[in-house]
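J.: give me the fold of what follows.
(one chain, ligands or ions: 1)
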Amino acid sequence: MDFELSDEQQLIRETARDFTDHEIVERARENDRNEHFDLELVAKIAQQGYLGAIVPREYGGAGLDYLTYGLVVEQVGRGCSAMRTVISVQTSLVCSSILRWGTEEQKHHYLPKLCSGEWLGCRGLACFLVDTDQDGFQPQTIHHKMGLRGSDTAAISLDDVWAPEDAVLGEVGDGFKVAMTALDSGRYSVAAGCVGICQGCVDASVRYSKEREQFGRPIGSFQLVQAMISNMVLETDAARMLVWRAGWLKDAGKPNTTETSIAKLYATEAAVRCANTGIQVHGGSGYVDDYPVERYFRDVRVTTLYEGTSQIQQLIIGRAVTGINALT
Ligand SMILES: Cc1cc2nc3c(=O)[nH]c(=O)nc-3n(C[C@H](O)[C@H](O)[C@H](O)COP(=O)(O)OP(=O)(O)OC[C@H]3O[C@@H](n4cnc5c(N)ncnc54)[C@H](O)[C@@H]3O)c2cc1C
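T.: Okay, the predicted model is just below:
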């Protein structure tokens, strides 16, 4: 087993870390406060090559493997889950589906515009591609979300929308298969983003525990505070290893549905626990958005819901080990 990242992977991770610290972290709190979907920042993310990162260069992507893509998503997830969601949806759900199921014409038509950010995709359990500027395409923005306030969420309805034959993804009747492969990729991306949240909680808590003094000493010198931090480190490492395994399997072209569900289930639940513990380390200050743990706590909650709830991941894992399908 080789846990060493290549020089190129390390460089890409460092670049993503710097980009996140300088561009994303700076704006995350204000965008969250203002429920602002920051298209200027999305354009910068696209310029970095993070939208459609796994798409081969010939279609306008960055041509990254899954493990390296996961490293990028972890960094962005540490900075802002709203922006991480944009990357996950665009790359893992939309681009990967077109890449896996699209015709050459569809790939050349859609992928370059999606990778460059000129078009932003959204997802749904359908196997046809729809132009969103048609009259019958009606998005209804959902406001007052607990978290992910810096990204747009909308319910969409399709009323008399025309989807020509060449807009069908895969064969007619393949819709469920298309959706399931999209979820395999999407779940991986959510899991990688959650490793970023876990790491963000560790970083913020370590920093705060050294700054904050009580009873004449930094709170980081109290054993119970160190216990909280070490639990977070443990969960972060475990989640990261599960994500790397899933990424490695994907890159090796091996079956990975179960391992991806394991990574998604563990990383999302771990990130919920880390965000909760991160607030505990910060005491009352953690309840205010002066520190990132407050936003991590709100943003992370959806990750055990979307891309298949934790219960659905348990059923997928349970089916794999028992051979009994409790999903039907
Ligand atoms: C911010 C946000 C963004 C979203 N973005 C998208 C998007 O882009 N595209 C999209 O398609 N959806 C999106 N969703 C929807 C999301 O995927 C669903 O909310 C999620 O899949 C859960 O479905 P549900 O809300 O219908 O819950 P339900 O299916 O009603 O589940 C409620 C509870 O019942 C449990 N449950 C349900 N069925 C079973 C079962 N068979 N066995 C055991 N337990 C079960 C669930 O685990 C859960 O605990 C988004 C949701 C949010 C909040």
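
J.: tell me the contacts of the closest residue to Val178 other than its chain neighbours?
T.: Closest residue to Val178 apart from its sequence neighbours, by CB to CB, 6 or more residues apart in numbering: Cys127 at 4.5 Å. Placement of C-beta: from N, CA and C, glycine included. Contacts for Cys127 (CB atoms under 8 Å, 6 or more residues apart in numbering) come out as 101, 168-170, 172, 174-175, 178-179.

J.: Cys127 and Ser205, how far apart?
T.: Noted for Cys127: a distance of 44 Å to Ser205, by CB to CB, to the nearest Å.

J.: same thing with Ile54?
T.: From Ile54 to Ser205 the distance is 32 Å (CB to CB).

J.: how about Thr258?
T.: Separation of Thr258 from Ser205 (CB to CB): 32 Å.

J.: which one's more surrounded, these two?
T.: Neighbour count, other CB atoms under 10 Å: between Thr258 and Ser205, Ser205 has more, with 27 against 17.

J.: middle-most residue in the chain, spatially?
T.: Val190 (3.3 Å; CA atoms, centre = their mean).

J.: right, and that residue touches Lys264 too?
T.: Yes - when contacts are counted by CB atoms under 8 Å, Val190 is listed as touching Lys264 (6.0 Å).

J.: common neighbours of these two, please.
T.: Residues touching both Val190 and Lys264 by CB under 8 Å, 6+ apart: Glu307.

J.: just the contacts of Cys127 now: which is nearest the ligand?
T.: Of all the contacts of Cys127, Ala179 has the smallest distance to the ligand: 8.9 Å, by CB to the nearest ligand atom.

J.: what about the closest one, neighbour count?
T.: Neighbour number of Ala179 under other CB under 10 Å is 18.

J.: the protein: strands as residue ranges?
T.: Taking DSSP state E, the strands of the chain run over residues 137-141, 154-158, 213-214, 217-218.

J.: out of those strands, which is closest to the ligand?
T.: With distances scored as CB to the nearest ligand atom, the stretch of the strands of the chain nearest to the ligand is strand 154-158 (8.5 Å).

J.: close to the ligand, is the closest one?
T.: No - counting by CB under 6 Å from any ligand atom, the ligand is not contacted by strand 154-158; separation bottoms out at 8.5 Å.

J.: angle of that strand against strand 137-141?
T.: 160 degrees (axes from the mean of the first three to the mean of the last three CA atoms, to 10 degrees).

J.: return the list of strands paired to strand 154-158, each annotated with direction.
T.: Strand pairing for strand 154-158, determined by DSSP bridges: strand 137-141 (antiparallel).

J.: tell me how far the strand it pairs with lies from the chain's centre.
T.: 23 Å (CA atoms, centre = their mean, to the nearest Å).

J.: list of residues touching that strand?
T.: So strand 137-141 is contacted by 122, 130-132, 152-159, 161 (CB under 8 Å, 6+ apart).

J.: cool, and stretch 34-48?
T.: 15-16, 19, 23-24, 27, 30-31, 51, 76, 82-83, 86-87, 115-117, 120, 143, 149-152.

J.: can you flag the buried ones in those?
T.: 16, 19, 23-24, 27, 31, 51, 76, 82-83, 86-87, 115-117, 120, 149-152 (16 or more other CB atoms under 10 Å).

J.: which of those come close to the ligand?
T.: Okay, of the buried ones among the contacts of stretch 34-48, nothing touches the ligand (CB under 6 Å from any ligand atom).
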